[in-house]
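J.: Attaching a predicted model along with its sequence, questions to come.
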Amino acid sequence: MSFDLTGRRALVTGAGHGIGAAVALGLARAGADVVVHYGSSADPAERVVEEISALGRKSAALGADVTDSAAVERLIDESVTFLGGLDVVVANAGHLVARVPVAEMTEEHFLRVIDVNLVSAFRTCRAALPHVREAGPAGRIVLMASQAAHDGGGPGAAAYAAAKAGVIGFAKGLAKEVGGSGVTVNALAPGYIGGTAFHDTFTAPEAQRGIVEKLPVGRGGTADDVAGAAVYLASGEAGYVTGATFDIGGGAWPR
């Protein structure tokens, strides 16, 4: 089954590279016009826009600091102006920041991780809600959690795990609030996704090999694995799915 998003207008945050870029491209391949948000990856984001434009879809790269409420509100306004509305929001922006054990963690670090992962999702959803609600049953919000929300994450990732667990709870609560308008809200919880800046920066190569060796499916995940789930959740076929969390981890943490 292929999912048809023709005419849908989407925003993907943190879409300059990795999972966000794959999600933006996946939505475009299904027919959506897509705003590609970036924090600091302007050049990679422009390359994603070029790929989307080559598919015949409308696209633009917009920069914004997702830890700044005013910047997020401007991002939503500019996206709506460019697209002519907003049907789908994928709040993917986030960052581990650094691996720090709790015993050595400053309050500043903890709050920074919570802000960039959880509060940023809240800011994005709050600003986008009036527009997504106008889309009615076509309205979709997809939040990016993590397997860390279930298993506590790797070494020094307790703050990140807490933030991503918060994303799951937020998705459930928001789903209840907006369900009456036909809008759905769901979360994706990727496990090990290879070839991304996350693991290239924070997970040593030998540790990555060890993770993959233990996966029941016998391979590491790819950004396209996550994108496929996002496209489904953005589609009409997922209209009865809300408040759910989709684990994309190759069976690493079955529940």
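T.: Sure thing, it's come through.
J.: For the residue nearest to residue 22 when sequence neighbours are not counted, grab the count of nearby residues.
T.: Counting by CB to CB, 6 or more residues apart in numbering, the nearest residue to residue 22 once its immediate chain neighbours are dropped is residue 223, at 3.6 Å. Backbone N, C-alpha and C define where each C-beta goes, glycine included. Residues contacting residue 223 under the criterion other CB atoms under 10 Å number 21.
J.: what does the one 5 residues further on give?
T.: In terms of burial, residue 228 registers 16 neighbours under the definition other CB under 10 Å.
J.: ok, now residue 183?
T.: Other residues within reach of residue 183 by the criterion other CB under 10 Å amount to 24.
J.: before we move on, what about the one 4 residues further on?
T.: Summarising burial for residue 187: neighbours were counted as other CB under 10 Å, giving 28.
J.: Kindly report the same for residue 245.
T.: By other CB under 10 Å, the residues close to residue 245 number 18.
J.: Going forward, the N-terminal residue is numbered 619.
T.: Shifting the count to begin at 619 puts that one at residue 863.
J.: Can you tell me, leaving aside adjacent residues, what's nearest to it?
T.: The shortest distance from residue 863 to any residue other than its chain neighbours is 4.5 Å, reached at residue 805 (CB to CB, 6+ apart).
J.: Which strand residues bridge that neighbour?
T.: Note on residue 805: beta-bridge partners by DSSP bridges are residue 761, residue 863.
J.: Strands along the stretch 619-768 of the chain, start to end?
T.: Using DSSP state E, counting those that start in this stretch, the strands found in the stretch 619-768 of the chain span residues 627-630, 651-656, 677-681, 706-709, 758-762.
J.: Of those strands, which is nearest residue 739?
T.: Evaluated with CB to CB, the strands of the stretch 619-768 of the chain place strand 706-709 nearest to residue 739, the distance being 4.5 Å.
J.: helices and strands around that closest one, which ones?
T.: Here strand 706-709 is seen to pack against strand 627-630, helix 636-647, helix 738-752, strand 758-762, helix 841-852 when contacts are counted using 3 or more CB pairs under 8 Å, 6 or more residues apart in numbering; DSSP states H and E.
J.: among these, which is the most enclosed?
T.: Burial of these is given as mean neighbour count (mean count of other CB atoms under 10 Å); strand 627-630 ranks first at a mean of 29.
J.: quick one, helices of the stretch 769-873 of the chain?
T.: Ranges of helices in the stretch 769-873 of the chain, per DSSP state H, counting those that start in this stretch, are 776-796, 815-820, 823-832, 841-852.
J.: What are the neighbouring residues in contact with the residue nearest to residue 751 when sequence neighbours are not counted?
T.: Across the structure, with CB to CB, 6+ apart as the measure, the residue nearest residue 751 apart from its sequence neighbours is residue 799 (4.8 Å). Listed by CB atoms under 8 Å, 6 or more residues apart in numbering, the contact set of residue 799 reads 751, 754, 757.
J.: Tell me the one among the residues you listed nearest to residue 622.
T.: Taking CB to CB as the measure, residue 622 sits nearest to residue 757 out of the contacts of residue 799, at 16.5 Å.
J.: Isn't the closest one up against residue 751?
T.: Yes. Applying CB atoms under 8 Å, one finds residue 757 in contact with residue 751, separated by 6.2 Å.
J.: hang on, isn't residue 771 packed against residue 779?
T.: Yes. The pair residue 771 and residue 779 qualifies as a contact (CB under 8 Å) at a distance of 4.1 Å.
J.: Sweet, I'm off.
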